[in-house]
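[1] The following comprises the amino acid sequence and a computationally predicted model.
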Amino acid sequence: MKQISGGICAAKGFTASGVHCGIRKNKTKKDLALIFSEKKATAACVYTTNLVKGAPITVTKNNVADGYAQAVICNSGNANTCNANGIEIAEEMCALISKELGIDKKDIIVASTGVIGQTLEITPIAEGIPSLVKELKADSDDAAAAIMTTDTVEKCVSFSFEIGGKECKIGGIAKGSGMIHPNMATMLVFVTTDCAISRDMLQKALSEDVKSSFNMVSVDGDTSTNDMVSVMANGLAGNDEITSEGEDFDTFCKALNAVTTHLCRMIAGDGEGATKLLECIVDGAKDKETAVIVSKSVICSSLFKAAMFGADANWGRVLCAIGYSGADVDVNKIDVSFKSAAGKIDVCKNGAGIDFSEEIAKEVLSEKEIQVLISLNSGDFCATAWGCDLTYDYVKINGDYRT
């Protein structure tokens, strides 16, 4: 497996586009994206666990209930959530794009992101769709830009891998900067692949993958109403279809995880107002659940995130977060270290502080990417969670997000 260029258009038969149709007031920002497969694809999705769900999720669930899709349409600037006519608008988006593409309206994944509770008009979308289809090309950039809200960078990655002697490709784009919390799905992610895999095995792969990828990301502790991860697999790579577990399925799962893990890091690193990517790696846990709970608790701690913003090696906040996490751990066995491109420094041994250089610690924690290494010394299980520091700008961004 190797990383390649192309994103969602790396796989055979996929094209994408993005345009400004008028949902967003800023005409320099694209607000409508399209991903299209020349062949009907197997499809799998996972959705937010928030009880308040955007209308597009309801429509998409209905559309992909048969396990197939051929296109994705997504708008930014408006979440189409908590609107009386939200379902109608989402269904009309599907109808309009299906007519323009000449495909079944039930073979469309629809998504929206932006302000909740604001009426979404269909007129700008209807007027933008002809250009959206006309602009389809083998390039991810415009689609990746069109799904962004408070994101500061486009999030795109792709890999190639081999199954049965056939080269397969998989790629994804994501949006996510705020309202990110580990409760599936924590943002919008669209993945495409030309690997041939049955709908049941594709759903199995995705549902299992999110447990160690998108469920392990937190920016601010808020789970959005519109979160969705979708995968389309059109089979154009020509490999024998994966219909059961085995070596080929394992290879596909590894490729999928390579894409999702890269996107997780991009999302966490681009958290609203963030200056640092935080990666919490827990090992020595007595079971997987304990490792997951501990890593999430630390990465979600506002006090710890604030300390990382200030490059303050306040390891007590790490122990504190572990202590209230609910995990069954022996606090007298916990070791903590901080690591970055500037080096590694041990700050806690057996649940107690040790002598360390504050100057060196400051250097380690002043880098753009920080690893928090926690050893529970009670078993062989591990887990990794991703997050970011908490800065003044986070409050500024969300203080006037709607207005």
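    Perfect, thanks for sending it.

[2] Any chance you could list what contacts the helix or strand harbouring Gln3?
    Assigning secondary structure by DSSP states H and E places Gln3 in strand 2-4. Residues outside strand 2-4 that contact it (Cβ atoms under 8 Å, 6 or more residues apart in numbering): 10, 157-160, 169, 258. In short, each C-beta sits where N, CA and C put it, glycine included.

[3] in its sheet, what does it sit against?
    strand 155-163 (antiparallel) (DSSP bridges).

[4] so what secondary structure elements neighbour the helix ranked longest in the chain?
    In the chain, with assignment by DSSP state H, the single longest helix is helix 247-269. For helix 247-269, the packing partners by 3 or more Cβ pairs under 8 Å, 6 or more residues apart in numbering; DSSP states H and E come out as strand 155-163, strand 166-175, strand 188-193, helix 199-209, strand 277-285, strand 381-388.

[5] show me the contacts for the nearest residue to Ala313 once chain neighbours are set aside.
    The spatial neighbour of Ala313 that comes closest, neighbours along the chain excluded (Cβ to Cβ, 6 or more residues apart in numbering), is Ala361 at 3.7 Å. Applying Cβ under 8 Å, 6+ apart, we find Ala361 in contact with 311, 313, 338, 345, 347.

[6] helix, strand or coil for Asn75?
    Reduced to three states with DSSP: H, G, I helix; E, B strand; the rest coil, the structure at Asn75 is strand.

[7] which residues touch it?
    Going by Cβ under 8 Å, 6+ apart, Asn75 touches 21, 23, 31-33, 93, 111-114, 120, 125, 146.

[8] Of those residues, which belong to strands?
    With strands identified by DSSP state E, the entries of the contacts of Asn75 that belong to them are 32-33, 111-114.

[9] which among the residues you listed end up buried?
    Buried members of the ones in strands among the contacts of Asn75, counted by 16 or more other Cβ atoms under 10 Å: 32-33, 111-114.

[10] What is the subsequent helix or strand relative to the helix or strand hosting Ala41?
    Assignment of secondary structure by DSSP H and E places Ala41 within strand 32-47. Reading on from strand 32-47 to the C-terminus, the next helix or strand found by DSSP H and E is helix 55-63.

[11] Pro130: neighbouring residues, count only.
    By other Cβ atoms under 10 Å, the residues close to Pro130 number 12.

[12] and if you look at Ile173?
    Ile173 is flanked by 34 other residues according to other Cβ under 10 Å.

[13] if I pick it, what's in contact with it?
    Remark: with contacts taken as Cβ under 8 Å, 6+ apart, Ile173 is in contact with 7-8, 140, 143-144, 147, 154-156, 189-190.

[14] Would you confirm that Thr261 contacts Met216?
    No - in this structure, Thr261 is not within contact of Met216 by Cβ atoms under 8 Å, at 9.3 Å.

[15] returning to that earlier point: any chance of the contacts of Ala361 in CSV, with distance to Ile89, pLDDT and secondary structure too?
    Supplementary listing: the contacts of Ala361 in CSV, determined by distance: Cβ to Cβ, whole Å; pLDDT from 0 to 100; DSSP: H, G, I helix; E, B strand; the rest coil:
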residue, distance to Ile89, pLDDT, secondary structure
Ala311, 46, 97, coil
Ala313, 50, 97, coil
Phe338, 48, 98, strand
Ile345, 53, 98, strand
Val347, 52, 98, strand
